[in-house]
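*Asks:* dropping a prediction and its sequence here:
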Amino acid sequence: MLRLSNIAGAFSVLKRCKQTVRWRSCFNTSSEVRKALEHGRGVVALESTIIAHGMPFPANLDTALAVEGVVREHGATPATIAILKGQVKVGLETDELQTLAQSASDFAKASRRDLAVAVGLGQSAATTVSGTAIVAAEAANIPIFVTGGIGGVHRGGEGTMDVSADLTDLSRTPILVVCAGAKSILDIPRTLEVLETQGVTVLGWQTDEFPAFFTQRSGCSVPHRVDSVEDVARVLDANRRLGLGSGIVLAVPISPEHAADGEVIERAIQVALEEADEKNIRARDTTPFLLRRVNELTGGASLRANIQLVLNNAKIGAQVSAAYAELQARERPFTSFAEAAQPLSIKDHSACAVVIGGVVMDTVGMTPCDRPEFTIGSSNIGQVTQSLGGVGKNIAECSGRVGVSTLLISAVGSDLSGDVIISMARASGMRVDGISKVPNERSASYVAVHGKGGDLVGGIADMEIFDKLSWPTTYAQNKRDLDAANIIACDSNVPTTFLAEIAGFCARHAKPLWVEPTSNAKCCRSIEAGILPHITFISPNSTELATLASAISGDPYTAVHLDNVDSPTIIDLLRPQVRILLNEGVKTVIVSLGSHGLVVGTQSSTEAIDSAQLIHVESDPISPVKFKNSNGAGDSFVGAAIAVLASGATLEQAVNAGLSAATMSCQSNEAVSPQISRELHPKL
């Protein structure tokens, strides 16, 4: 009997963490922020330019500490971001805030263009709206960011082309920025025009008019109004689930009791602009000069308003962050195997699955079980067979045998093997209209050697043809099936650019994506493609899992040895490696353990990372007499599982069907057992 229980969140939209290998050597998160993220609590990113260049000392330090206090008071964790001696720091300690506030001249301003310079040359820098948003969204997986006001189009910008990088980066960074609108010293109407052109969502917080930083009114309307933090959280959630890749501006008016006199502020701005022009102050020096001069001209009224609006923004931002964290914890279609009442949501019940990956001419050598162990460096007596194989083909064939209409998308060369592969696939009942012929290329081939007992000794794979796969061409040729698919599976034979495109497609259309790592040499392609947050299921074996965990964390992991250990020990051994993938945003990790069954792990968004839920699923033993080979067992598991999921069944039903298919293939001379049929499908 299989023991299945407590697998959480199989299809929930979890955090889309972008903290990948490229950030790790220069990235440091405070323990407070790290624990909050691990426990699924709300975290609010805060910029540091407002401390170093937006206010004089000691008002800047007092404000920074007060803002962090407000964030904590309203249920979230503050994460002030800066670059300290080449290290990107997320979450500053009190002494680091003090250094930033007192030694502002030692800190440059860092937007996107400056990050590489500051990190590469070991410099210290205060991050702007642009720089903070990039670090928060792409490295730290913090989707909410509080600041005073965003940059924008400077007055006279139609002639000087002085436009803040904030606007461009908000168009390509999936983050919610809580602000008091754009700074009053800017051209607000043109700033809103640029935001519209760049596809940035603009929300007015309990207002129909875009605020003007120091004052509540700018004379410009907002495209959308929101009146509750829950509504803001839902908009942010939808933005990330749709994979839009662009940001959201939540414009919060300063409270009436703290708003400055609009006419006084405007007169001061005009004087400051004239002085800036006379002194030839340009580019990044413009905003600090204008803010400082306006404060002087208003007798400190603008600074007092600035402090109050930042505190107000921090309150709203923290409340939104807490609401968003609660939403992520609540919206989980699967809560456990035992409680999985809601099947995979699908557009219809056509049960269409699409598999993208390798179709290969397989040559397999096998040492009979009554012979000695396989001898490396010498010829071995055995049997050699040829058949149609490939991870993608095996998955698609098994899915079809279980009774689901399945399209295989692949490529073959314009050689004899290509013709044979297509003919054999057609003869087996598979759809071949998704297999394209590539002129002047070799078809894929795989040579494997199995030792005594059927375990793989080694193999050589010639899969270069799959590098020729192009997503635009693939989509154009298979649009109808891809659009109709209820689930898409992809092996790692395809190039990283293709993986990135298919993952983006699945994210935009809310389609579950199953990635099969394929081999130890290719399993890291999903990391290189940056798609881990878009993966619904990934199914490595223990060796591939160790390679993935090592590549992500930078720490050396090795495949665990499972002989003579019980289920709790297996879970304890695998938990650290599985947890690394879950932390990166993968929804469900299914680790194939051969005769030891498999481990299924998902991350409960309501519990600590250290409590990531794992369950060991035992497989029925196979006698040595019946065992043939394990060559297609993992692929058969995936094929049966996606077929069941595509029909709206539960994860438990999919795992049961997958294990049954894998067991049958282990007892067959074929990679996918001909005995696999629709009888495995619980809904057919």
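*Replies:* Cool, got the structure. Numbering: from 1, shown residues only.

*Asks:* mind giving me the packing neighbours of the lengthiest helix in the chain?
*Replies:* Taking DSSP state H as the criterion, the chain has its longest helix at helix 301-330. On a contact count with 3 or more C-beta pairs under 8 Å, 6 or more residues apart in numbering; DSSP states H and E, helix 301-330 meets strand 43-46, helix 59-73, strand 144-146, strand 176-179, helix 229-241, strand 248-251, helix 262-278, helix 286-297. Yep, even glycine has a C-beta here, placed from its N, CA and C like the rest.

*Asks:* so for residue 393, which of those sits nearest?
*Replies:* helix 229-241 (31.8 Å; C-beta to C-beta).

*Asks:* just checking, what packs against the closest one?
*Replies:* Using 3+ C-beta pairs under 8 Å, 6+ apart: helix 229-241 touches strand 176-179, strand 201-205, strand 248-251, helix 301-330.

*Asks:* can you list contacts of it?
*Replies:* Applying C-beta atoms under 8 Å, 6 or more residues apart in numbering, the contact partners of helix 229-241 are 13, 16, 143-144, 174, 176, 201, 203, 205, 226, 246, 248, 250, 316, 319-320, 322-324, 326-328, 331, 507, 510.

*Asks:* next, the angle from it to strand 201-205.
*Replies:* Between helix 229-241 and strand 201-205, the angle comes out at 170 degrees (axes from the mean of the first three to the mean of the last three C-alpha atoms, to 10 degrees).

*Asks:* quick one: average confidence on helix 229-241?
*Replies:* The predicted model assigns helix 229-241 a mean pLDDT of 92.

*Asks:* for it, which positions count as buried?
*Replies:* When burial is assessed from 16 or more other C-beta atoms under 10 Å, helix 229-241 yields the following buried residues: 229, 231, 232, 233, 234, 235, 236, 237, 239, 240.

*Asks:* what is the burial count for residue 632?
*Replies:* Burial of residue 632 is recorded as 27 neighbouring residues (other C-beta atoms under 10 Å).

*Asks:* residues contacting the closest residue to it other than its chain neighbours?
*Replies:* In this structure, residue 632 finds its nearest non-sequential neighbour in residue 671, 2.9 Å apart by C-beta to C-beta, 6 or more residues apart in numbering. For residue 671, the contacting residues are 362, 387, 389, 394, 631, 632, 635, 636, 665, by C-beta under 8 Å, 6+ apart.

*Asks:* and if we set it to 7 Å?
*Replies:* Shown in contact with residue 671 (C-beta atoms under 7 Å, 6 or more residues apart in numbering): 362, 387, 389, 394, 631, 632, 635, 665.

*Asks:* count the neighbours of residue 528 for me.
*Replies:* So residue 528, with other C-beta under 10 Å, has 16 neighbours.

*Asks:* for residue 73, same thing?
*Replies:* There are 11 residues near residue 73, going by other C-beta under 10 Å.

*Asks:* residues in contact with it?
*Replies:* The contact partners of residue 73, by C-beta under 7 Å, 6+ apart, come to none.

*Asks:* one more time with 8 Å
*Replies:* Residue 73 touches 315, 318, counting by C-beta under 8 Å, 6+ apart.

*Asks:* how close does it get to residue 67?
*Replies:* As for residue 73, its distance to residue 67 is 11 Å (criterion: C-beta to C-beta, to the nearest Å).

*Asks:* shared neighbours of the two, anything?
*Replies:* By C-beta under 8 Å, 6+ apart, residue 73 and residue 67 have no common neighbours.

*Asks:* quick one: contacts of stretch 285-298?
*Replies:* 53-54, 56, 151, 154, 162, 183, 185, 260, 264-265, 267-269, 271-273, 275-276, 279, 281, 301-303, 306.

*Asks:* distance check, residue 644 against residue 514.
*Replies:* 12 Å.

*Asks:* who's more crowded, these two?
*Replies:* Shown here are residue 644 and residue 514; by other C-beta under 10 Å, residue 644 has more neighbours (34 against 24).

*Asks:* still on that earlier bit, show me what counts as buried in the longest helix of the chain.
*Replies:* Result for helix 301-330 [16+ other C-beta under 10 Å]: buried residues 301-329.

*Asks:* and it, how far out from the chain middle?
*Replies:* 25 Å (C-alpha atoms, centre = their mean, to the nearest Å).

*Asks:* and what of stretch 434-454?
*Replies:* Centroid separation for stretch 434-454 versus its chain: 31 Å, with C-alpha atoms, centre = their mean.

*Asks:* ends of that stretch, how far apart?
*Replies:* Stretch 434-454 has an end-to-end distance of 32 Å (C-alpha to C-alpha, to the nearest Å).

*Asks:* next, the buried residues of it.
*Replies:* Within stretch 434-454, the residues scored as buried using 16+ other C-beta under 10 Å are 434-436, 438, 441-452, 454.

*Asks:* tell me the centre residue of this structure?
*Replies:* With distances taken as C-alpha atoms, centre = their mean, residue 533 lies nearest the centre of the chain, 2.2 Å away.

*Asks:* for that one, helix, strand, or coil?
*Replies:* helix (DSSP: H, G, I helix; E, B strand; the rest coil).

*Asks:* grab the nearest non-local neighbour of it.
*Replies:* Closest residue in space to residue 533, ignoring its immediate chain neighbours: residue 585 at 3.2 Å, by C-beta to C-beta, 6+ apart.

*Asks:* okay, that neighbour: pLDDT?
*Replies:* 91.

*Asks:* how near is it to residue 208?
*Replies:* Per C-beta to C-beta, residue 585 is found 36 Å from residue 208.

*Asks:* residue 542 too?
*Replies:* Separation of residue 542 from residue 208 (C-beta to C-beta) stands at 58 Å.

*Asks:* likewise for residue 215?
*Replies:* On the measure of C-beta to C-beta, residue 215 and residue 208 end up 15 Å apart.

*Asks:* also residue 437?
*Replies:* Taken as C-beta to C-beta, the span from residue 437 to residue 208 is 59 Å.

*Asks:* what do you get for residue 560?
*Replies:* 59 Å.

*Asks:* counting neighbours, go ahead and name the busier of those two.
*Replies:* Taking neighbours as other C-beta under 10 Å, residue 560 and residue 208 compare with residue 560 leading, 20 against 9.

*Asks:* nearest spatial neighbour of that one, skipping sequence neighbours?
*Replies:* Counting by C-beta to C-beta, 6+ apart, the residue nearest residue 560 is residue 573, at 4.3 Å.

*Asks:* got the buried residues for the one helix or strand the one you found maps to?
*Replies:* Using DSSP states H and E, residue 573 sits in helix 567-583. By neighbour count on 16+ other C-beta under 10 Å, the buried set for helix 567-583 is 570, 571, 574, 575, 577, 578, 579, 580, 581, 582, 583.

*Asks:* quick check: angle from the helix or strand following it to helix 567-583?
*Replies:* Going down the chain from helix 567-583, the next helix or strand is strand 588-592, by DSSP H and E. Going by the same axes, to 10 degrees, strand 588-592 is angled at 130 degrees with respect to helix 567-583.

*Asks:* in the stretch 501-650 of the chain, where is pLDDT below threshold?
*Replies:* 603-612 (pLDDT under 70).

*Asks:* which residue ranges form the strands in it?
*Replies:* Under the criterion DSSP state E, counting those that start in this stretch, the stretch 501-650 of the chain contains strands at 513-516, 537-538, 588-592, 598-602, 613-617.
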